[in-house]
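Chemist: Curious how this folds, go ahead:
(2 chains)
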Amino acid sequence: MIDQETIGLLLKGVNNVTWQSLVMIGVSFVLLYLAIVKDYEPLLLLPIGAGCLLANLPLSPLIGEEGMLVALYHMGVGNEMFPLLIFIGIGALTDFGPLLENPRLVLLGAAGQFGIFLTLILALLLGFTPNEAASIGIIGAIDGPTSIYVSGILAPHMLGPITVAAYSYMSLVPIILPPVIHLMTTKEERLIRMPYSSRKISRRTRILFPIIVTVLVGTLVPFATPLIGMLMLGNLMKESGAVERLTKASAAEIANTVTLFLGLAIGSTMVGADFLKPSTLFILVLGLLAFALDGCAGVFFAKILNWLSGGKINPIIGAAGISAFPMAARVVQRVAQEEDFENFLLMHAMGANAAGQVASVVAGGVVLALMGAGG
Amino acid sequence: MENLGWGLQMTVLGMGLVFALLAVLWAILNLILKLDQEEAEPVTALEATQAAEQIAAVADGAVGAQIPEPATVNGMRADLVAAILVATMQHRRVLRRQAAPMMRSYWPGSQLFASRWVAAGRTRQNNNWQPKGR
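Modeler: Residues are numbered from 1 along each chain as shown, chains lettered A, B, ... in the order given. Below you'll find the predicted structure:
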């Protein structure tokens, strides 16, 4: 005969289902839906959704003391290794040529980080602590690894919602940026055509660029050294052409493996009791606001440059001064062609976009430096 | 209000530092490009855009680049295969419509489509058989 204790053991899983775990399983389904059906950043949202699902099943051994997801978290998220490894891959796939051809665009990248600090102020007003506010603001860098790195140091308990917000909003660039651009510019401004001049960038300059950026940023903002160092290491490997196997591995196998591990580890932090708080909702809303403010600030600064240059700069390229490379540039090109099909701004927008990538890392380091953390 | 003051201070300091750092980078890049002595040549917007597309295509491989791998069928893009399939089916329907009466898609007398055979017959019926000028 099956006694009461055996039945209790058999039904242990069912007995431990809580409303929080049910809600979080629903959240994981939403993430999986976004990744599989809507193609929103599937490389990361699918593992995050899976990690969230596995972590919220009743009595999941995966998040037990020696569970696999916990081990993954300690292996690469707790010590910030995974986002840095991903940065090597990003560096290996990024061509900074458009920025080198037109170095003044680097300032548009700087303007595109304004949302970080404005959101920080809003988060402070909503009652978040300075560390938490800075972590929420960094979503405005529109840079997944930077968001994970900075929030992992300043507010590790908020890593889950911040990562989900950062990557979700990155995939929403084509939806969020066009209304911001239309709101901030007139039709006449969007119609401005920009002349092209192709400067042949020598191999020497391409190799010097990552080295100089690393030395400069690393010296002036030591907190940014891990981020900028890894990004530029990947770029140096690519541009030098000396280590093709390592470049390919960093951009493909290593980046893919680390992405899977990172997604699962981040998803495992989304446990109902910790995730289902009003603060999560605030983080998602503030993150969206940070993104929109970045776009506004970028366009506004480009308007100033346009005025200073006597109408030679199309202000909409300012919206590309964020880190989502190359999607932001493509969105800017699409908006320009909606007004004038023969207006080609892609190369200029790519320059601003590449600048945004460097600037977001610098901004991450600056935030850590100002908060007196990291390093 | 204390927090607000601190936040404003952070914003001014933070943005100031970001701008200052990138301005220094801008100056250094200009210096390198000067030393490199590579002159800028005007190129057409189309050429520049094609070059930019190539750069973007490589960067699409990065995590966070938002471009999922397109679905493929036997190595061809799925949307292209679908377009070819639709075009083939449409072509087959047109050929069938234009074929002899025994092959046509609609029953004789249908107003929907006339085969070449029927169309030719109707044209003959509409011709005026009376000599011109009468």
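
Chemist: which intervals of chain B have sub-threshold pLDDT?
Modeler: Applying pLDDT under 70 to chain B flags residues B:1, B:38-40, B:58-59, B:61-71, B:97-115, B:132-134.

Chemist: Could you pick out the longest helix of chain B?
Modeler: Of all the segments of type helix in chain B, defined by DSSP state H, the longest one is helix B:2-36.

Chemist: so how far is it from its chain's centroid?
Modeler: Here helix B:2-36 is found 39 Å from its chain centre; the criterion is Cα atoms, centre = their mean, to the nearest Å.

Chemist: quick one: buried residues of it?
Modeler: When burial is assessed from 16 or more other Cβ atoms under 10 Å in any protein chain shown, helix B:2-36 yields the following buried residues: B:3, B:7, B:10-11, B:14-15, B:17-19, B:21-22, B:25-26, B:28-29, B:32-33, B:36. For every residue, glycine as well, the C-beta is placed using N, CA and C.

Chemist: Intersect those residues with the contacts of chain A.
Modeler: Among the buried residues of helix B:2-36, the residues within reach of chain A (Cβ under 8 Å from any Cβ of the partner chain) are B:3, B:7, B:10-11, B:14-15, B:17-19, B:21-22, B:25-26, B:28-29, B:32-33, B:36.

Chemist: Find the nearest non-adjacent residue to residue A:140, please.
Modeler: Here the nearest residue to residue A:140 in space, its sequence neighbours aside, is residue A:290; by Cβ to Cβ, 6 or more residues apart in numbering or on different chains that works out to 3.1 Å.

Chemist: C-terminal to the helix or strand containing that neighbour, what's the next element?
Modeler: Here residue A:290, judged by DSSP states H and E, is contained in helix A:278-308. Sequence-wise, the next helix or strand downstream of helix A:278-308 (DSSP H and E) is helix A:327-339.

Chemist: Which neighbouring elements make contact with that following helix?
Modeler: helix A:173-184, helix A:187-190, helix A:346-371, helix B:45-59 (3 or more Cβ pairs under 8 Å, 6 or more residues apart in numbering or on different chains; DSSP states H and E).

Chemist: Could you give the number of residues near residue 41?
Modeler: Went with chain A since none was named. 28 (other Cβ atoms under 10 Å in any protein chain shown).

Chemist: To clarify, I was referring to chain B.
Modeler: Under the neighbour criterion other Cβ under 10 Å, residue B:41 is assigned a count of 10.

Chemist: Repeat that for residue A:96.
Modeler: Under the neighbour criterion other Cβ under 10 Å, residue A:96 is assigned a count of 26.

Chemist: Identify the residues contacting stretch A:334-344?
Modeler: For stretch A:334-344, contacts defined as Cβ atoms under 8 Å, 6 or more residues apart in numbering or on different chains pick out A:174, A:177-178, A:181-182, A:187, A:190-191, A:193, A:196, A:314, A:316, A:333, A:345, B:45-46, B:48-49.

Chemist: Buried ones among those?
Modeler: In these, burial by neighbour count holds for A:177, A:178, A:181, A:190, A:196, A:314, A:316, A:333, A:345, B:45, B:48, B:49, counting by 16+ other Cβ under 10 Å.
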